[in-house]
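In: could you look at this predicted model? Sequence included:
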Amino acid sequence: MKRIVINKADIQTMNLSSLMCNIHGDYWDRFQPKAREHYRLLVNITRQFEASNFLDLGTSHGGSAFSMATSLEGKRPNTVVSIDIDDARFRQNKRNISLFTFPKNIIFDLRDAKKIHPEFYSNFQVIMIDITHNGEDERTIYDNICKSDFSGLLIMDDIDYKHKFPKLKEYWQSIEATKFELDYCHISGTGLIPFKGIDLVIT
Ligand SMILES: C[S@@+](CC[C@H](N)C(=O)[O-])C[C@H]1O[C@@H](n2cnc3c(N)ncnc32)[C@H](O)[C@@H]1O
């Protein structure tokens, strides 16, 4: 059983100064303690692993991919696979990210996450879903993950953005698995579902 501890104070006080040189000034604001983004949470969770594999669905700016790839010094590095359906969007957004030095432990992949075979999900210890937010796409992916042998932590972004993504909120609420919501990282809510093998402790 892998224990993951999430503590608000730890997330807010984490010293990320070693990452500073890799993040462009404008983007750095998103990593500040009061930023109301999910990036510090992702750094905090993924640094509790070593030599593990993480899946980032929805690359866009690469903020999530970057956050999941910042292994702690002294620990064996993790690997991130980051998938997006839209190459043009990624290339455009890369203006922001190419100013980051992307760590070598991120593999970018262009494809439709809805078409990922369930077996693929079994390879990962953390999966982050941040795609269309229409509820239907997230349902397809979640159902496929449930068909797999995934034994890790599933993170879903924006699950409480009722004005912008009401269908995603509705879908999130319909999920019957044991689940947790954080309201202090991303302003629009972050959902967490520990699959088998994960002991999630929120303090
Ligand atoms: C909100 S953005 C992701 C933000 C990103 N996690 C970050 O932190 O910068 C959503 C991304 O999901 C991608 N997307 C939408 N549907 C997708 C699908 N079916 N498969 C893969 N990517 C998809 C979009 O092209 C878009 O770049």
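Out: Sure, I can see it. Numbering: from 1, shown residues only.
In: contacts, neighbours, all on C-alpha from now
Out: OK.
In: S18: neighbour count?
Out: Using other CA atoms under 10 Å, the number of residues around S18 comes to 9.
In: three-state assignment of it?
Out: Classification of S18 by DSSP: H, G, I helix; E, B strand; the rest coil places it in helix.
In: continuing past the lowest-mean-pLDDT helix or strand in the chain, what's the next helix or strand?
Out: Least confident helix or strand, the chain: helix 87-97 with a mean of 64, by mean pLDDT, DSSP states H and E. Using DSSP states H and E, the helix or strand that follows helix 87-97 in sequence is strand 106-110.
In: which residues sit in contact with the one residue sitting closest to the centre of the chain?
Out: Geometric centre of the chain, nearest residue: M128, 3.4 Å, by CA atoms, centre = their mean. Contacts for M128 (CA atoms under 8 Å, 6 or more residues apart in numbering) come out as F54, L55, D56, L57, L154, I155, M156, D157.
In: this structure: strands as residue ranges?
Out: 2-6, 53-57, 79-84, 106-110, 126-129, 153-157, 180-182, 190-194, 198-202 (DSSP state E).
In: ok, of those, where does mean pLDDT dip lowest?
Out: In terms of mean pLDDT, the lowest-scoring of the strands of the chain is strand 106-110 (a mean of 90).
In: around the ligand, pick out the residues from this protein.
Out: 57-64, 83-86, 111-114, 130-132 (CA under 6 Å from any ligand atom).
In: so where's the protein uncertain?
Out: Applying pLDDT under 70 to the chain flags the ranges 25, 89-102.
In: span of stretch 17-30 from start to end?
Out: With CA to CA, to the nearest Å as the measure, stretch 17-30 spans 14 Å from end to end.
In: scratch that, stretch 190-202
Out: 13 Å.
In: buried residues, that stretch. List them.
Out: Using 16 or more other CA atoms under 10 Å as the test for burial, stretch 190-202 gives T190, G191, L192, I193, P194, F195, I198, L200.
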